[in-house]
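[1] Next comes the sequence, and after it the predicted model I'd like to discuss.
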Amino acid sequence: MQHPDPDSLVARAPSAVATRSALLEGRQTAQQVATEFLERVAQAEPAIHAWQHLDAAQVLRQASALDQALAGGRPAGPLAGVPVAVKDIFDTQDMPTGYGSAVYASHRPGADADVVAALRSAGGIVAGKTVSTEFAYFAPGPTANPWDTRRTPGGSSSGSAAAVASGMVPVAFGSQTAGSLIRPASYCGVFALKPSHASVSTRGAKPFSESLDTVGWLANDADDLELVRAALAGIPYAALPARAASGLRLGVWRTHEWSYADTSGQQAWEAGVQCLARAGVEIVETGLAPEYAPLIEAQKTVMAYEAARALADDIARHGDALSLHIRELAARGRAIGAQEYREALDFAARGRQAAAAMLQDIDALVVPAAPGEAPCGLDATGDPVFSRVWTLLGLPSVNVPGLLGPNGMPVGLQLVGNLGTERALLALAKTVHPVLQQAAQQQGQARALPCQAPQPTVTAGLRL
């Protein structure tokens, strides 16, 4: 996908699959991969501010240790030599973990989060910690969108999405409790996988809402998402199968929240669906019945109730040092009774059954990923409205990039599948992506609307 703005910082890092192959075939060492990674960071980071902590010497030490281990005969892991960014809500025993909050600025965990430990075990290079919103909620950090640094990259996985979109890393870990993977992926024009709820351990991640918190990852390539999925699952990686678009049967639904989409989002989504139909995809109009329209409010109820309890100690100890966003959410959560909370969970269970029935006769559901193009300004991260329901239902979803909005900014399509269908969903994403790119080319190229430029920011903890 070519960016229409010559000032864009959009770039592609070598894919994780290609990086691992180069290492195994002796065409590159882990040290060489790490050095190239640091060069890309040095070029892009001053304008993007994706990193909360990055220590070049530490990166090179990891790479050197991997080279020595491989030379000594240790088998290469599935992510051998791949630089991977980690959102700053995941504990890292050798790096600060601030959870996106100044009150944890000096926090040093004693152990890795499970997903970080799995990454290391698979041979990946923990490249550093990317900027998160405060406690992965709404208060933004300094990160800018690589497509237009006057616009938000989305949140809460802000730094991870921007690091991938700017070509600093091939893969970055994030998390989603409402729309924190799919929305920034849509805004930054990258792939993202939100797996089925509880399919990846959240231990060692800052708890927010146990019924909703989900670990996921972002990349520029669907096969890279699959490589990480296989590595975490402890199964051999196999490239995603090639499918013909003409063999697909996709359900399309504007959702109950369609009115929240702006003109840029509606136009891009409609163009994408039309292009899928022209490519031979069988399009099935479908959706959840009107009685399930309150699912979005159920998600807000569950999130607020659980967050108020998960963050109770932080609020008691730090009080006014936390953002108004967090304090207001906790107050709403404390006002929700146990009966209302249980009713929201019961309603979600019924919605999950209805969604399973809807998905039974289609390959996947196509819905909006975000309200539209990334909004101007860095003081907010956009609305997670189009991901809340699928996060509540725990269903896997993928953002597929390729489309451009009328102002030349990326707009993703979201694919949703049944529980446990991540590989099939990623194969669909791989098939759909070039079709959407064709739609973008037919739309033509437009310059982004002018936005007020953000103030210069210095990223703490960056040592190059």
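    Nice, I can see it.
[2] can you pull out the helices in the stretch 201-350 of the chain?
    Taking DSSP state H, counting those that start in this stretch as the criterion, the stretch 201-350 of the chain contains helices spanning 222-233, 263-278, 295-310, 312-318, 324-334, 338-359.
[3] quick one: which of those helices is nearest residue 124?
    helix 222-233 (7.7 Å; CB to CB). In this view, the C-beta of every residue, glycine as well, is placed from N, C-alpha and C.
[4] Name the SS class of residue 108, please.
    coil (DSSP: H, G, I helix; E, B strand; the rest coil).
[5] Can you name the residues that contact it?
    93, 96, 97 (CB atoms under 8 Å, 6 or more residues apart in numbering).
[6] Are any of those residues buried, and if so which?
    96, 97 (16 or more other CB atoms under 10 Å).
[7] wait, what's in contact with the residue nearest to the spatial centre of the chain?
    Among the residues of the chain, the one closest to the centroid is residue 181, at 2.8 Å (CA atoms, centre = their mean). Residues near residue 181 by CB under 8 Å, 6+ apart: 157, 174, 175, 192, 193, 194, 214, 216, 217, 218, 387, 399.
[8] Quick check: it vs residue 438, distance?
    Distance of residue 181 to residue 438, computed by CB to CB, to the nearest Å: 25 Å.
[9] Residue 275 now?
    In terms of CB to CB, residue 275 sits 6 Å off from residue 438.
[10] now swap in residue 176 and tell me
    29 Å.
[11] neighbour count winner among these two?
    Comparing residue 176 with residue 438 by other CB atoms under 10 Å, the one with more neighbours is residue 176, at 29 against 15.
[12] Quick check, pLDDT for residue 437.
    Residue 437 is assigned 89 on the pLDDT scale.
[13] the strands in the stretch 51-200 of the chain, which residues?
    51-55, 83-87, 125-130, 171-176, 191-194 (DSSP state E, counting those that start in this stretch).
[14] Please identify which of those strands is closest to residue 315.
    strand 171-176 (20.4 Å).
[15] if we look at the closest one, which residues are touching it?
    16, 82, 84-87, 89-90, 115, 119, 130, 136, 156-157, 159-161, 163-164, 180-182, 184, 192, 194, 202, 205, 212-219, 224-225, 228, 387, 391.
[16] would you put the C-alpha positions of that strand in CSV?
    Coordinates of each C-alpha in strand 171-176 appear next as CSV, following Å, rounded to 0.1, in the frame of the first residue of the first chain:
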residue,chain,number,x,y,z
VAL,A,171,6.1,-7.8,14.9
ALA,A,172,4.9,-6.2,18.0
PHE,A,173,2.8,-7.4,20.9
GLY,A,174,-0.3,-5.5,22.2
SER,A,175,-3.5,-6.2,24.0
GLN,A,176,-7.2,-5.5,23.7
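[17] So for it, mean pLDDT?
    Mean predicted confidence for strand 171-176 is 98.
[18] orientation of it relative to strand 125-130 in degrees?
    40 degrees (axes from the mean of the first three to the mean of the last three CA atoms, to 10 degrees).
[19] residue ranges with poor pLDDT in this structure?
    1-7, 442-464 (pLDDT under 70).
[20] hmm, 50 instead?
    1-4, 446-448, 452-460, 462-464 (pLDDT under 50).
[21] ok so, going back, so for residue 318, which of the strands of the stretch 51-200 of the chain sits nearest?
    Nearest to residue 318, of those and by CB to CB, is strand 51-55 at 18.6 Å.
[22] Quick check: buried residues in stretch 421-441?
    Residues of stretch 421-441 classed as buried: 421-433, 435-437, 439-440 (neighbour count, 16+ other CB under 10 Å).
[23] Residue 312: neighbour count?
    13.
[24] I figured it was touching residue 333, is that so?
    No - checked against CB atoms under 8 Å, the pair residue 312 and residue 333 is beyond contact range at 9.3 Å.
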